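Enquirer: Next input, structure requested:
(chains A and B)
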Amino acid sequence: MSTSTPQENFYDFKTIEKKWQDHWLDNATYRVSTDTEKEKYYVLEMFPYPSGRIHMGHVRNYSIGDVVARYKRFRGFNVLHPMGWDSFGLPAENAAIKNNSHPARWTYDNIDYMRDQLRQLGLSYDWDREIATCNPEYYRWEQYIFLEMYEKGLVYQKNTSVNWCDSCQTVLANEQVIDGCCWRCDEEVQARSMNGWFFKITAYADELLEDLDKLGGWPEKVVTMQRNWIGKSQGLQCDFAVDGLDESLSIFTTRPDTIFGVTFMSIATEHPLIEKLLANNPRKEAIEDFITRIANEKQQQANSDLTEKEGIFTGCSCVNPFNGEKIPIYVANFVLMGYGTGAVMAVPAHDQRDFEFAKKYDLPITAVVSPEGIELNSDEMAEASTVPGVLINSGAFTGMDSEEAKQAIINQAVQDGFGSAHTTYRLRDWGISRQRYWGAPIPIIYCDTCGVQPVPAEQLPVTLPEDRESGQNECAPLHQRSSFFTTSCPSCGQEAKRETDTMDTFVESSWYFARYTCPRFTDSPLNREEASHWLPVDQYIGGVEHAILHLLYSRFFTKVLRDLGYLDIDEPFTNLLTQGMVIKDGSKMSKSKGNVVDPNDLITEYGADTTRLFSLFAAPPEKDLEWNAKGVEGCFRFLNRINRFITNNLDALLKGKRKLPAKLNGSETQLHRKTHQTISKVTGNIEQNFHFNTAISAVMELVNTLSALAGDQKKEVIDNGVLYEAVSNILILLCPIVPHFCSEQWAMLHKDHSIEDEKWPVWDEQAIKEDELTIIVQVNGKVRAKLQVSADIDNKALEGLALKDEKVLKFIDGKTIKKVIVIQKKLVNIVV
RNA sequence: GCCCGGAUGGCGGAACUGGUAGACGCAAGGGACUUAAAAUCCCUCGCCUUUUAGGUGUGCGAGUUCGAUUCUCGCUCCGGGCACCA
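Expert: Below you'll find the model as predicted:
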């Protein structure tokens, strides 16, 4: 639509949308409370970070959610559909520095603007439940939960190696380290050992893994990603005595069956045993140099590709408890201290990485598992053999099947007291400490006398100091504020210091969905009654980029809150829909690519309804959506066609009877049938998989049929009852998608009630049935003719008709018919 | 490297448990209305050919079947996740 276009050609979306938005807001139409009469339905879209303005991804996400919410209301559910703001985070601090403002100011301004934008989209939220996670009334309860978790031993402090940027004076997350340098200032990142707070998510590793089976309403892909992330493996933990020291080296392996093939040992550069191995070691200097070099390389290559495997002999050895063999100990760059025990028994014959290492350092290779039908020669192997087989060179276990041997060897280790069955997870505990200002303060006090003290619950919330000076890029901002960190010990009353780290912002989003059920509750984090009524979330909708972290943390919090007595569910989200990205010109919309479409422009030009309609029509929700400006116009045209039809037929629609006549003529039958087919199609598309694109197509077809049969060139007179049936159903079926438009059109036809008082239509199976069928006739699988037959024809008669058809005769003439296949009501295939 | 997806006209996408491939929309071409434009309406629209018809066609190659976009096997390309996990 160009600006020179006369407005009178189009429906007046500006006035209409404003009118209905005001109406919904003034009447709090979408406010909900517990209702025992109606079944509850909780639909939730991932809440946004208030970055400034909404983008097309938000429009798509929230449009999908809004259709679900409105549809479920039509189906008679009591729908909880809340919205809020994930409003802590680093961008606010950066923006505050840049604009010489305060993070809170910047954040709340953004929230105000974006709330307005969401309202302009006509989203049916219960705004009374709005929450902002940076509000002390929200994070006080997060601090409260933290303290309860602390009490239960689910929160602890430990020293770990982190990415440290010296110029920014802060810890960086892995994804903020680019090629070994800080994403913001390009300073080289260092490894630094720091004390931080951790949530013991590993305590729930098994349950988080097992309960994945309960998530039948989640995309298989997301479940798999979580399963791999948790990464459970079972095997043997076994101790190897260190030669000449009163120490043992503990290893974990998933291949106990290969234990007789161990020819060396690889340990991590950070392994605690190294210190002891280096005492009085003639090679001490070389080993230390190696370790320092590897440590630096590791830090810089945290995000890059694999480096070559390297190691250094320590000069020390240990003993394989199964056969008494002496095993040299190497320090190797590929061994992770954070997984297993930080030491790996190396079996080069059956592990590719160990194989390469052995070749490089000329270490022996001993094959101990012989795959069926193959004779392994240790000296001639070109690569490791990782398949199962029969044990060889394995003492008492020789001849045993490798799968069987795993258990037998574990049993032996247990019996002899040097090992046991053990389960290891890839999942690590969740480090939540951030040296930032704009986050929820960790409610802990350090007292020189009494040590670590939790802040007493009655002193919550620990609020952020408001005197944040702007214009400074300071490190650990809370650490600079004595007004904040100076306090008194809750135990002895002496002067003490507050923890100055804030919590990872993922903590806020791990339980907000529960807080929505009782957003203003002041007694505890959650009102058990409300939470148990509304939860779990029936339908959760958001980007697949949160498939692991956010969704895993939320599942973890749900289990913790359950164990703290606040919830009675195991899993927070029954059904999950992960929507695709919004793409333009083949790549994701981004400022740097300059291919951003601003929702504001679209709303101004075509209105919210068209914007919603297109974002739902162009692709099914789970797929990426390719933006097409012309496609938007097509959607706008569609709405105008409906508007024009109703306007042109308003007299008949208002004055005529709204009941179907007793007998229908040809056109009426067709329209009536199409109407009911459309109801069935749309309902099915929404219920099955939220494929709104095909639902919209179906309504478009109905509108096409309507124009053809009842438009200007109509052939037969259409009874008003049939006409009304078609029109009213078009409006109800489209209402969840284009609510302002349908509300307005409905209001033109009805003075007494709004469209939202209507029930979702039910289709009539009888009306759907076609009385004539098109039967395909194939000869040797190729379509040769189409027959119009009455719907009740039997197979025998059908076969007869097909064999007599002129076009078919052409192809079977003079040939022997081998076989005739008749598929009821569908096709006849003649094989010659 | 491993684990998931995906590939259908000029484009976005349809096609129920194997049964008319290309619904719906966009773009394109032709026509009507108009002084003209906008808007609207009608027609055509996978490719090829000897065009009232026939051939061919759902990334490539096989297979199962009367019949495959759909099922099986083997590839190619694209997207995503994990990445020294012992």
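
Enquirer: And for A:Y108, the neighbour number?
Expert: A:Y108: 18 surrounding residues under other C-beta atoms under 10 Å. For the C-beta atoms, the positions are set from N, CA and C on the backbone; glycine is no exception.

Enquirer: Quick check: phi and psi on it?
Expert: Backbone torsions for A:Y108, taken as degrees, to the nearest 10, come to phi -70, psi -30.

Enquirer: how close does it sit to A:L118?
Expert: Per C-beta to C-beta, to the nearest Å, A:Y108 is found 15 Å from A:L118.

Enquirer: and if you look at A:K663?
Expert: A:K663 sits at a distance of 50 Å from A:L118 (criterion: C-beta to C-beta).

Enquirer: Same question for A:D22.
Expert: Taking C-beta to C-beta, one finds A:D22 at 15 Å from A:L118.

Enquirer: do A:K715 as well
Expert: Distance, A:K715 to A:L118, by C-beta to C-beta: 47 Å.

Enquirer: now the helices for the stretch 551-700 of chain A?
Expert: Remark: helices assigned in the stretch 551-700 of chain A by DSSP state H, counting those that start in this stretch are A:599-606, A:608-617, A:629-648, A:650-655, A:666-689, A:692-710.

Enquirer: for those helices, which one sits closest to RNA strand B?
Expert: helix A:629-648 (2.6 Å; C-beta to the nearest atom of the strand).

Enquirer: picking that back up, comparing A:K715 and A:L118, which residue is more hemmed in?
Expert: When A:K715 and A:L118 are compared on other C-beta under 10 Å, the one with more neighbours turns out to be A:L118, at 18 against 11.

Enquirer: And the next helix or strand past the helix or strand hosting that one?
Expert: A:L118 belongs to helix A:103-120 when elements are defined using DSSP states H and E. Remark: after helix A:103-120, the chain's next helix or strand is strand A:131-132, criterion DSSP H and E.

Enquirer: I'd like the distance from the following helix or strand past that following strand to the chain centre, please.
Expert: Under the assignment DSSP H and E, the closest C-terminal helix or strand after strand A:131-132 is helix A:136-151. With C-alpha atoms, centre = their mean, to the nearest Å as the basis, helix A:136-151 stands 25 Å off its chain's centre.

Enquirer: Stretch A:689-706 now?
Expert: In terms of C-alpha atoms, centre = their mean, the gap separating the centre of stretch A:689-706 from the centre of its chain is 28 Å.

Enquirer: Can you give me the pLDDT of A:V699?
Expert: On pLDDT, A:V699 comes in at 97.

Enquirer: again but with A:I178, I slipped
Expert: With respect to pLDDT, A:I178 scores 60.

Enquirer: Likewise for the one 5 residues further on?
Expert: The model reports A:W183 with a pLDDT of 63.

Enquirer: what's the neighbour count on the closest residue to A:P572 other than its chain neighbours?
Expert: Leaving out its chain neighbours, the residue that sits closest to A:P572 by C-beta to C-beta, 6 or more residues apart in numbering is A:T558, at 4.3 Å. A:T558: 25 surrounding residues under other C-beta under 10 Å.

Enquirer: so A:T558 makes contact with A:E571?
Expert: Yes: using C-beta atoms under 8 Å, A:T558 makes contact with A:E571 at a distance of 6.4 Å.

Enquirer: Please name the residues that touch the closest residue to A:I646 other than its chain neighbours.
Expert: Closest residue in space to A:I646, ignoring its immediate chain neighbours: A:Q745 at 5.6 Å, by C-beta to C-beta, 6+ apart. Contacts for A:Q745 were tallied using C-beta atoms under 8 Å, 6 or more residues apart in numbering; they are A:I642, A:N643, A:I646, A:L731.

Enquirer: Determine which two of the residues you listed are furthest apart.
Expert: A:N643 and A:L731 (10.9 Å; C-beta to C-beta).

Enquirer: Looking at the two, which is more packed in?
Expert: Remark: of A:N643 and A:L731, A:L731 carries more neighbours, 23 against 19, as counted by other C-beta under 10 Å.

Enquirer: that's a helix at that one, yeah?
Expert: Yes: membership of A:L731 in a helix is supported by DSSP: H, G, I helix; E, B strand; the rest coil.

Enquirer: A:N99: how many residues sit nearby?
Expert: A:N99 has 12 neighbouring residues, counting by other C-beta under 10 Å.
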